[in-house]
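Asker: take this sequence and fold it.
(one chain, ligands or ions: 1)
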Amino acid sequence: MLIPFSMKNCFQSLYSLKIPTAGYKNIAKGGLILQSASNNIYQNLAVEDWIHDHMNLESKPILFLWRNSPTVVIGRHQNPWQECNLNIMREKGIKLARRRSGGGTVYHDMGNINLTFFTIKSKYNRMENLKLIIRALNAVQPQLDVQATDRLDLLLDGQFKISGTASKIGRVAAYHHCTLLCNTDWISLSSVLKSPYQGIKSNATPSVPSLVKNLLENDDTLTCEVLMESVAAEYAAYHKIENNIILISPTDETVFPGINKKAEELQTWEWIYGKTPKFSINTSFNLSEQSYSEIKVYADIKNGRIEDCKIDAPDHSLPLEMLDKLSTSFIGNKFCQSETSVLINALLRTCPKDYELNTKWHLLCQKQGEEDNDERLRAERARSREAGRKEETKVTEIYTFFFLNEHKARQHHRQPGDL
Ligand SMILES: Nc1ncnc2c1ncn2[C@@H]1O[C@H](COP(=O)(O)OC(=O)CCCC[C@@H]2CCSS2)[C@@H](O)[C@H]1O
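Answerer: Residues are numbered from 1 along each chain as shown. Reported below is the predicted structural model:
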């Protein structure tokens, strides 16, 4: 049964659960089942943080059920440039979030359920939680062949991943959270979970790609709603509590004091990009399709900012000073689209007088040719116009190298069942 949060007076503020009250004890004796009323990833991750930081989980474990609008969620120690296609995400309005738990990158949308199992550290048991999910799936469809693997994925029919796991273990509290693919948009999933970048070197945690499948493809009764109800029923039975799902609002400060600040922090550039482990990019491109002058670029990126950058033309097609000027200007800047385009626009205004050099400078800094039939570049220009910038964003070779070099992307072909 789903209890709307207007009934929250039953237990006042969840915050007060730190000191359990007699009234509360009657409602959630051996645990709580919560469901988020929000589909915003940052708000939902903030609920996880809040419960982890503030709730007394001793003898009161919590199951939190939540879903998100389209989002790519990277692990705490991952590199977003290495894991996903930020350009496609930008175009499609798909959010990027960094979670506090480790592990790989997954795609969320309303066809994917997230389940967070909170316990005190000593009761943390991921395999038990996965077995509970398998029982819930089999309660709806006994024919379903779902197994947990050693790396705590759930596999359907021995080969298709339907769930990925990650966890965070604190000093006192711990949580295990996992996904469950019911009816996710596999086209989006497969297009955003590959990076266009080549030549990235880093110690960031790499994801482990798998063949994935939606449960609904096996049985059309396995909707997100049915599965959430079933997992809740199984959790209630296991913990011998009433099967009540409490609907919570993650922005309600009366229930979760300080939660909006947590959600804001999770949305900052400094958290999402700035926490990327140090990495370097070493790559090259041709000045234009006609001229085969090779430009080599090397950049070190620390805390999301360009710490060192070298741009070289081994065939001396561009003077060293010009390349130095360009590379030096990148140092200290965020490795991000808007800062780079502002920078390049400024540089374009200082182009050399010599005609030949001037042309090359523009070739280096202003991408021509491809741009009119490139959807991404057109979108970028449209965004620039919308933003009312006096000068359109110049789309440049360097800019393309940094952000739009999808022409260098690895080609992936869908295999049966491959999302
Ligand atoms: N939603 C979803 N569910 C299951 N598997 C997925 C999903 N999205 C992508 N993938 C597949 O998993 C790999 C990455 O596997 P990998 O094992 O590297 O990473 C994970 O599984 C992390 C799970 C994190 C779960 C958290 C729970 C709440 S917030 S996110 C990816 O390349 C795809 O092949």
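Asker: now do the contacts for Leu34.
Answerer: Counting by C-beta atoms under 8 Å, 6 or more residues apart in numbering, Leu34 touches 47, 62-65, 245-248. All C-beta spots, glycine's among them, are computed from the backbone N, C-alpha and C.
Asker: report the next helix or strand after the worst-scoring helix or strand of the chain on mean pLDDT in sequence order.
Answerer: Ranking every helix and strand in the chain by mean pLDDT, DSSP states H and E puts helix 22-27 at the bottom, with a mean of 35. Downstream of helix 22-27, the first helix or strand assigned by DSSP states H and E is strand 32-36.
Asker: any idea of the mean pLDDT for the next helix or strand after that following strand?
Answerer: Once strand 32-36 ends, the next helix or strand along the chain (criterion: DSSP H and E) is helix 41-54. The average pLDDT within helix 41-54 is 98.
Asker: helix 41-54 vs the ligand: in contact?
Answerer: No - Helix 41-54 stays clear of the ligand (C-beta under 6 Å from any ligand atom), getting no nearer than 7.3 Å.
Asker: can I get that helix in CSV, CA atoms only?
Answerer: Coordinates of each C-alpha in helix 41-54 appear next as CSV, following Å, rounded to 0.1, in the frame of the first residue of the first chain:
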residue,chain,number,x,y,z
ILE,A,41,18.6,12.5,-9.7
TYR,A,42,20.2,15.2,-7.5
GLN,A,43,17.3,15.2,-5.1
ASN,A,44,17.2,11.5,-4.9
LEU,A,45,20.9,11.2,-4.3
ALA,A,46,20.5,13.8,-1.6
VAL,A,47,17.9,11.6,0.1
GLU,A,48,20.5,8.8,0.1
ASP,A,49,23.1,11.2,1.6
TRP,A,50,20.6,12.5,4.2
ILE,A,51,19.5,9.0,5.4
HIS,A,52,23.1,7.8,5.5
ASP,A,53,24.2,10.9,7.5
HIS,A,54,21.2,11.4,9.8
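Asker: show me which positions of it end up buried.
Answerer: Buried residues in helix 41-54, counted by 16 or more other C-beta atoms under 10 Å: 41-52, 54.
Asker: what are the ranges of the strands in the stretch 201-350 of the chain?
Answerer: Along the stretch 201-350 of the chain, counting by DSSP state E, counting those that start in this stretch, strands occupy 245-248, 279-286, 294-302, 305-312.
Asker: tally of neighbours for Asn129?
Answerer: When neighbours are defined as other C-beta atoms under 10 Å, Asn129 has 27 of them.
Asker: with Gly75 instead?
Answerer: By other C-beta under 10 Å, 21 other residues sit near Gly75.
Asker: pop the domain breakdown of the protein in here.
Answerer: What automatic domain parsing lists as the domains of the chain is 2-272, 279-408.
Asker: please identify the deepest-packed of these.
Answerer: Per-stretch averages of neighbours, counted by mean count of other C-beta atoms under 10 Å, single out domain 2-272 among the domains of the chain, with a mean of 18.
Asker: roughly how far is it from the heart of the chain?
Answerer: Centroid separation for domain 2-272 versus its chain: 13 Å, with C-alpha atoms, centre = their mean, to the nearest Å.
Asker: ok, and the closest non-adjacent residue to the residue of the stretch 1-150 of the chain found nearest the ligand?
Answerer: In the stretch 1-150 of the chain, the residue found nearest to the ligand is Gly104; the distance is 1.9 Å by C-beta to the nearest ligand atom. Ranked by C-beta to C-beta, 6 or more residues apart in numbering and with sequence neighbours excluded, the top spatial neighbour of Gly104 is Ser207, at 3.3 Å.
Asker: my read: that neighbour touches Gln78, true?
Answerer: Yes - Ser207 lies in contact with Gln78 (C-beta atoms under 8 Å); the separation is 7.3 Å.
Asker: common neighbours of the two, please.
Answerer: Listed as contacting both Ser207 and Gln78 by C-beta under 8 Å, 6+ apart are 104-105.
Asker: SS state for Tyr175?
Answerer: strand (DSSP: H, G, I helix; E, B strand; the rest coil).
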